[in-house]
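Engineer: quick check, what structure comes out for this input:
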Amino acid sequence: MSPELISILVLAVVFVIATTRSINMGALAFAAAFAVGTLVADLDADGIFAGFPGDLFVVLVGVTYLFAIARSNGTTDWLVHASVRLVRGRVALIPWVMFALTGALTAIGAVSPAAVAIVAPIALSFAARYGISPLLMGAMVVHGAQGGGFSPISIYGSIVNGIVEREKLPGNEVTLFLASLIVNLVIAAVVFVACGGLRLWRQGSVIEVDGSVEGHGGLEGAGGALKGRGELRDQPQPTGTGTTTDPGTHSSPTPAPTPSPSSSPTATATREATPAPTSSSLPLTPPRIATLLSLVALVIAVLVLDLDAGLTAITLAVVLSAIWPDDSRKAVGEIAWPTVLLICGVLTYVGVLDEMGTITWAGEGVGGIGVPLLAAVLLCYIGAIVSAFASSVGIMGALIPLAVPFLAQGEIGAVGMVAALAVSATVVDVSPFSTNGALVLAAAPDVDRERFFRQLMVYGGIVVAVVPAVVWLLMVVPGWG
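Structural biologist: So this is what the prediction gives:
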C-alpha cells in the first residue's frame with residue numbers, strides 16, 4: 001500500500017472516530033500528523049509543525065475572544081431583544097428576525113453553534129407561544145447562522161479565505177459571502193412558505209406587555225385562539241431558557257443540554273415559564289456601547305483598512321478587558337478552544353499530507369476521472385454527506401486542499417468551486433446529528449420531540465440530496481473564477 005493511500009485512509013479513520021466517539025477531531029488530527037509524519041513520511045517535528053496555521057490560530061482566538069466579551073457583558077442579549085422589539089406584534093416577521101439575528105452574529109465573528117445556542121431557545125419559545133412551526137423556526141435560525149457565516153471577518157469566512165490564500169488559489173471574499181447568504185436566504189424562503197409562513201401573514205398582530213400578550217385580529221396560538229381585542233394569558237411562556245433582568249448583571253440565554261449520542265431523541269425536559277424581557281431589562285450600559293463600537297471598528301478595520309482580522313480583534317478585546325476587567329474575566333475561558341483545536345489540528349495534518357505529496361496524488365486521481373464537472377459534484381456531495389454527521393469546519397479544511405491540484409488544471413473555476421464546497425459543507429447543519437441541529441432539537445419547548453427529530457432528519461436528508469447539485473449547477477458549471 002502506497003504512503004499516499006495510507007495517509008488518506010488515516011484521515012478517513014480520523015473522521016469516523018471523531019464522529020462515533022465524540023473526540024475532538026483536531027486532537028485526533030494532531031496525533032495522526034505525528035504518527036503518519038514520523039512513521040510513514042519520515043518527517044521530523046519541524047516538518048510536522050510546518051503546516052501549523054499560525055495565522056488562522058490568531059484569527060480564531062481573536063474573533064472568538066472579542067465575541068466572548070460581548071456575551072459576557074450582555075451585548076449579544078441586547079442585540080437579540082432589540083431585534084425582537086423592532087417587529088413587536090408582527091408574528092410573520094419573527095422568523096425572519098431570527099434569521100437576520102443569527103446571520104448578524106456569525107457575520108461579526110460568532111462561531112455558528114454559539115450563535116444558534118444564543119438565539120434558538122428564544123426563537124423556539126416564540127414559536128411555541130405564537131403557534132409557529134418549530135421546524136420553520138429552527139431552520140430559520142440555522143440557515144441564518146450559515147447565511148452570515150462566510151463574511152470576511154467571520155470564523156468560517158476567515159478559515160476558508162485563509163486556506164485559499166495558503167494554497168495560492170484565486171479567491172473572492174465577497175463572492176464567497178454572497179454565495180452562502182443567497183443560498184441560505186432562498187432555502188429559508190422556501191421553508192417559510194412550505195411550513196406555514198403565509199398563514200402567519202394573515203394573522204393579526206400581537207403586543208407583549210411584561211410577559212403577557214395582547215392581540216389584534218385573529219391569532220391561532222399554541223395555547224388557544226385570540227379574537228378581536230383581548231389578552232391571551234394562557235399561552236406557553238418562553239421556555240427552556242431564562243434571562244436575568246438585573247441591569248447590572250449579564251443575562252445570557254442558555255440552551256437546553258444537547259442530547260448525548262446515548263440519549264433518546266424523545267427525551268423531554270421540564271421547563272419553567274419565564275416572562276418576556278422588557279426594554280428596561282437590558283439597558284445600553286457603557287460596556288455594551290463600547291463593545292458595539294468595537295464590533296463596528298472591527299468591520300471597518302478589516303473591510304476598509306485591510307487590517308488583519310485576528311490581530312485587530314485581539315487588540316479591541318484587550319482594550320475592553322483593560323477598561324472593564326470584571327465583565328471580561330471569564331471571556332478567555334469562553335474562547336472557542338474546541339474549534340481552534342479542531343481547525344489547527346486538521347490543517348496541520350493536511351500540511352503533513354502536502355509534505356509527503358498526498359495532495360498532489362489525490363488531485364491527480366480526481367482529475368483522472370476524466371470528467372472535471374463530475375469530479376466537482378462528487379466533491380460537493382462528499383462534503384455535504386460527511387458534514388451532516390461530522391464537523392463542517394473539519395471537512396472544509398480537508399477537502400479544499402485536496403481539490404487544489406484538480407483546480408490547478410484550469411478546467412474548473414476555483415472561486416465557484418470553493419464557494420460550492422463551502423456551501424455544501426455548511427448548509428446541511430440543519431441535520432439533528434450536527435451541533436446546530438442538536439441545539440435546535442434540545443431548545444424546542446412543548447413539542448413532540450420524537451416527531452421533531454424525524455422532521456429535522458427528513459429535512460436534513462432533503463438538503464443533503466438537493467443543495468450540492470444545485471450549487472454545483474449554479475456556481476461550478478458556469479466556471480466562476
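
Engineer: return the distance of whatever helix or strand G416 lives in from the chain's centre.
Structural biologist: Using DSSP states H and E, the element containing G416 is helix 414-426. Using CA atoms, centre = their mean, to the nearest Å, the distance from the centre of helix 414-426 to the centre of the chain it belongs to is 15 Å.

Engineer: chain center to the helix or strand following that helix: distance?
Structural biologist: On the C-terminal side of helix 414-426, the closest following helix or strand by DSSP H and E is helix 435-443. Computed by CA atoms, centre = their mean, the chain-centroid distance of helix 435-443 equals 12 Å.

Engineer: against which helices or strands is helix 435-443 packed?
Structural biologist: Under the contact criterion of 3 or more CB pairs under 8 Å, 6 or more residues apart in numbering; DSSP states H and E, helix 435-443 touches helix 112-130, helix 134-147, helix 449-471. In this view, the C-beta of every residue, glycine as well, is placed from N, C-alpha and C.

Engineer: outside of stretch 104-115, which residues touch it?
Structural biologist: Among residues not part of stretch 104-115, those counted as contacts by CB atoms under 8 Å, 6 or more residues apart in numbering are 63-64, 66-67, 71, 76, 79, 102, 118-119, 145-146, 148-149, 151, 153-156, 295, 298-299, 313, 336, 339, 392, 426, 429, 435-436, 439.

Engineer: can I get it in CSV, CA atoms only?
Structural biologist: Coordinates of each C-alpha in stretch 104-115 appear next as CSV, following Å, rounded to 0.1, in the frame of the first residue of the first chain:
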residue,chain,number,x,y,z
ALA,A,104,-25.5,39.1,12.0
LEU,A,105,-23.9,37.3,15.0
THR,A,106,-22.0,34.9,12.8
ALA,A,107,-21.1,37.6,10.4
ILE,A,108,-19.4,39.6,13.1
GLY,A,109,-17.4,36.7,14.5
ALA,A,110,-19.6,34.3,16.5
VAL,A,111,-19.0,30.6,15.9
SER,A,112,-22.1,29.2,14.3
PRO,A,113,-23.1,26.9,17.2
ALA,A,114,-22.6,29.8,19.6
ALA,A,115,-25.0,32.0,17.6
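
Engineer: ok, back up a step: save the helices and strands packed on helix 435-443 as JSON lines, and put in mean neighbour count too.
Structural biologist: Conversion of these to JSON lines gives the following (neighbours: other CB atoms under 10 Å):
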{"stretch": "helix 112-130", "mean neighbour count": "27"}
{"stretch": "helix 134-147", "mean neighbour count": "30"}
{"stretch": "helix 449-471", "mean neighbour count": "18"}
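
Engineer: now those as JSON lines including mean pLDDT?
Structural biologist: Formatted as JSON lines, those follow (pLDDT from 0 to 100):
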{"stretch": "helix 112-130", "mean pLDDT": "80"}
{"stretch": "helix 134-147", "mean pLDDT": "93"}
{"stretch": "helix 449-471", "mean pLDDT": "89"}
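
Engineer: burial of G410, as a residue count?
Structural biologist: When neighbours are counted by other CB atoms under 10 Å, G410 registers 9.

Engineer: quick one: classify it as helix, strand or coil.
Structural biologist: Local secondary structure at G410 is given as coil here, using DSSP: H, G, I helix; E, B strand; the rest coil.

Engineer: mind pulling up the pLDDT for it?
Structural biologist: Note for G410: predicted pLDDT of 71.

Engineer: same check on the one 5 residues further on?
Structural biologist: At V415, the pLDDT value in this model is 90.

Engineer: ok, it - contacts?
Structural biologist: If a contact means CB under 8 Å, 6+ apart, then V415 has 170-172, 175-176, 480-481 as its contacts.
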